[in-house]
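Q: Sharing a model prediction with you, sequence too.
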Amino acid sequence: MQLAFTIIALLILAGATAAVALRNLVHCVLCLAVAFVGVAALFLLLGAEFVGLAQIMVYVGAVAILMVFALLLTRNADLPATGPLVSKSWLTGVSIAALVFGCLAIGILASGVGQAAPPSPQLSVRQIGEELMRNYVLPLEVLGVLLTVSMIGAVVIAMTDPKPD
């Protein structure tokens with residue numbers, strides 16, 4: 001389990017670092033999707049199947065939609081990117097990330113995380129789905145309609161041609 005966690009953590013770090021370091025929008029989105037898949041794998045490794053599957057469906061699916069909309073909204077995405085592959089201010093970003101990491105590490109170590117955790121409730125994906133379909137059907141349907149309408153609106157906005165002068 002320790003080896004699997006290390007591999008997943010390295011995957012998340014590599015994807016997130018590449019997502020903020022690369023200059024091409026499509027490459028950044030693909031690297032962000034890799035980081036999201038790594039986070040989903042981490043949730044699945046920890047036994048949180050519902051959160052892991054929701055991470056894959058919502059975030060990885062949303063990133064794919066985001067990439068499509070980004071390509072639709074930027075008409076000149078086919079042009080080659082000029083300039084260096086990595087941003088010029090990478091040293092500033094690394095130093096700020098190290099500072100934030102240090103602050104978080106101090107806070108986590110001071111909180112006493114090493115203590116025994118209480119037993120987690122044993123919920124399955126089936127129980128969560130049954131609860132959603134029994135008690136929360138109306139909010140679930142309203143949310144689905146809202147997301148569908150917003151996606152159709154974004155496609156309409158992206159596909160309208162500018163009026164000639």
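A: On my side now, so go ahead. Numbers count the residues shown, from 1 in each chain.
Q: For the helix or strand of the chain with the lowest mean pLDDT, buried residues please.
A: The least trusted helix or strand in the chain, going by mean pLDDT, DSSP states H and E, turns out to be helix 61-73, with a mean of 73. Neighbour-count burial for helix 61-73 flags 63, 67 (criterion: 16 or more other C-beta atoms under 10 Å). Just so you know, the C-beta spots here come from the backbone N, C-alpha and C atoms, and that holds for glycine as well.
Q: Distance from the chain centre to the helix or strand just after that helix, please.
A: Counting by DSSP states H and E, the next helix or strand C-terminal to helix 61-73 is helix 90-111. Relative to its chain's centre, helix 90-111 lies at 21 Å (C-alpha atoms, centre = their mean, to the nearest Å).
Q: mean confidence for helix 90-111?
A: Averaged across helix 90-111, the pLDDT comes to 90.
Q: mind listing what the residue nearest to the spatial centre of the chain touches?
A: Centroid-nearest residue in the chain: residue 36, 4.3 Å away (criterion: C-alpha atoms, centre = their mean). By C-beta atoms under 8 Å, 6 or more residues apart in numbering, the contact list for residue 36 reads 15, 55, 56, 59, 60, 63.
Q: what do you get if the cut-off is 6 Å, keeping everything else the same?
A: Counting by C-beta atoms under 6 Å, 6 or more residues apart in numbering, residue 36 touches 59, 60.
Q: Centre of the chain to the least confident helix or strand of the chain, how far?
A: So, by C-alpha atoms, centre = their mean, the centroid of helix 61-73 is 13 Å from its chain's centroid.
Q: try stretch 18-34
A: Distance, centroid of stretch 18-34 to centroid of chain: 12 Å (C-alpha atoms, centre = their mean).
Q: Quick one: end-to-end distance for that stretch.
A: With C-alpha to C-alpha, to the nearest Å as the measure, stretch 18-34 spans 10 Å from end to end.
Q: Compute the number of surrounding residues for the nearest residue to residue 14 once chain neighbours are set aside.
A: Nearest non-adjacent residue to residue 14, counting by C-beta to C-beta, 6 or more residues apart in numbering: residue 34, 7.5 Å away. Neighbours of residue 34 under the rule other C-beta atoms under 10 Å: 18.
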